[in-house]
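Colleague: I would like the atomic coordinates for the input below:
(one chain, ligands or ions: 1)
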Amino acid sequence: MEIKKVGVIGCGSMGAGITQLCAQSGYQVVVSEINDELLKRGMGFIDKVLSRSVEKGKLSQADKDAIMGRIKGTTSTGDFADCDLVIEAAIENLDLKKKIFAELDGICPPHAILATNTSCLSIIDMAMVTKRPDKVLGLHFFNPAPVMKLLEIVKTIATSDEVLETSQKFGESLGKTNVTAQDAPGFIVNRLWLPFLLHSIKLYEDGVASREDVDNAIQLGLGYPMGPLTLADMVGIDVVKFVSDALYEQLKDPRYIVPTLVDKMVAAGWLGRKTGKGFYDYK
Ligand code: CAA
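Modeller: Predicted structure coming up:
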């Protein structure tokens, strides 16, 4: 099956990044938000990122205009009626995602693939509210989606081989390297990354080293693009907590228990870059 038109549900940081990436790769994209204000913010973010590329001389103004011209913003899910693939990138709430999947199943054409960008929720639970569980799978992008080279493709026990193959080709068309995982807690990346991240936070919480030294040690000692505390601020401390709690709930493995500091930061609203304060100040 050929994918020509892609739908994206949600224009927050992941949804906006996925929308930009798909439009840059030549797809027609329709992206939805729950209200005009959030849609305007998400579209404005894409416009800003592309304008920066124009200023840096990495993209021509004509190419930027063509990319923006391929994106249609909407607040109506009815606009997904002619999509070949829809990628759901709403907030991490299983009941909400199930509601979205049931709605999409009624709107999208029978051949359409329905994908979720979830980091940690059970994908078969989303598939089973539709009449097409064989066409449901996970397409897990990494933040920032236009830049990070990986796409985690997550197959449930019901996903068909044909849908998997189409999704792999789609990932390649976006310039990503695909990895395939089963619908198991945390898939590959979060299953391996979170114990390391939570351990880094604990080291700082215990006063073993300053936040800067924890970050510098990993960034410079191991050649990571950014230190773990800086990365946690970028991902969002609430997201780190949600995904870790979900993995602990499913695996009962103490390596996924968040340090107390994470709970306190979430309670204080120190959620990282998006709130202007996390492990570091961004104001
Ligand atoms: N959206 C789109 N593009 C972005 C961007 C964003 N939010 N942020 C940066 N970029 C682009 C820049 O425009 C720039 O593009 P050009 O090279 O074309 O100019 C490029 O990325 C590099 O950006 P910068 O020069 O500003 O900064 P940098 O070189 O320090 O790179 C970074 C920034 C790409 C974020 C890099 O630090 C990095 O790779 N960090 C690690 C990110 C990471 O690990 N992400 C995974 C998080 S986990 C996750 O997402 C999964 C989950 O389930 C929780």
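Colleague: so what pLDDT did the residue in the stretch 151-283 of the chain that the ligand sits nearest to get?
Modeller: Per C-beta to the nearest ligand atom, Pro225 is where the stretch 151-283 of the chain lies closest to the ligand, at 3.6 Å. C-beta: built from backbone N, CA, C; applies to glycine. Note on Pro225: pLDDT of 97.
Colleague: next one: phi and psi at it?
Modeller: phi -60, psi -30 (degrees, to the nearest 10).
Colleague: Contact residues of the stretch 51-200 of the chain facing the ligand?
Modeller: Applying C-beta under 6 Å from any ligand atom, we find that the stretch 51-200 of the chain lies next to the ligand at Arg52, Ser53, Lys56, Lys58, Ser119, Phe142, Asn143, Pro144, Pro146, Val147, Met148, Asn190.
Colleague: Kindly recompute the last result at 5 Å.
Modeller: Neighbours of the ligand within the stretch 51-200 of the chain, by C-beta under 5 Å from any ligand atom: Lys58, Ser119, Phe142, Asn143, Pro144, Pro146, Val147.
Colleague: Can you tell me, leaving aside adjacent residues, what's nearest to Ala81?
Modeller: Distances taken as C-beta to C-beta, 6 or more residues apart in numbering place Ile107 nearest to Ala81, at 5.5 Å, with adjacent residues excluded.
Colleague: what's the answer for Leu50, then?
Modeller: In this structure, Leu50 finds its nearest non-sequential neighbour in Lys64, 4.7 Å apart by C-beta to C-beta, 6+ apart.
Colleague: Let me see the contact set for that neighbour.
Modeller: Leu50, Ser51, Ser53, Val54 (C-beta atoms under 8 Å, 6 or more residues apart in numbering).
Colleague: Show only the entries of these found in helices.
Modeller: Leu50, Ser51, Ser53, Val54 (DSSP state H).
Colleague: gap between the residue nearest to Leu50 and Lys40?
Modeller: 18 Å (C-beta to C-beta, to the nearest Å).
Colleague: Next, the buried residues of the helix or strand that contains Arg191.
Modeller: Following DSSP states H and E, the helix or strand that holds Arg191 is helix 189-205. Judged by neighbour count using 16 or more other C-beta atoms under 10 Å, the buried positions of helix 189-205 are Asn190, Arg191, Trp193, Leu194, Pro195, Leu197, Leu198, Ser200, Ile201, Lys202, Leu203, Tyr204.
Colleague: For Lys176, which non-adjacent residue is spatially closest?
Modeller: Leu151 (3.9 Å).
Colleague: Tell me where the stretch 101-250 of the chain has strands.
Modeller: With strands called from DSSP state E, counting those that start in this stretch, the stretch 101-250 of the chain shows them at 113-116, 136-140, 150-155, 177-182.
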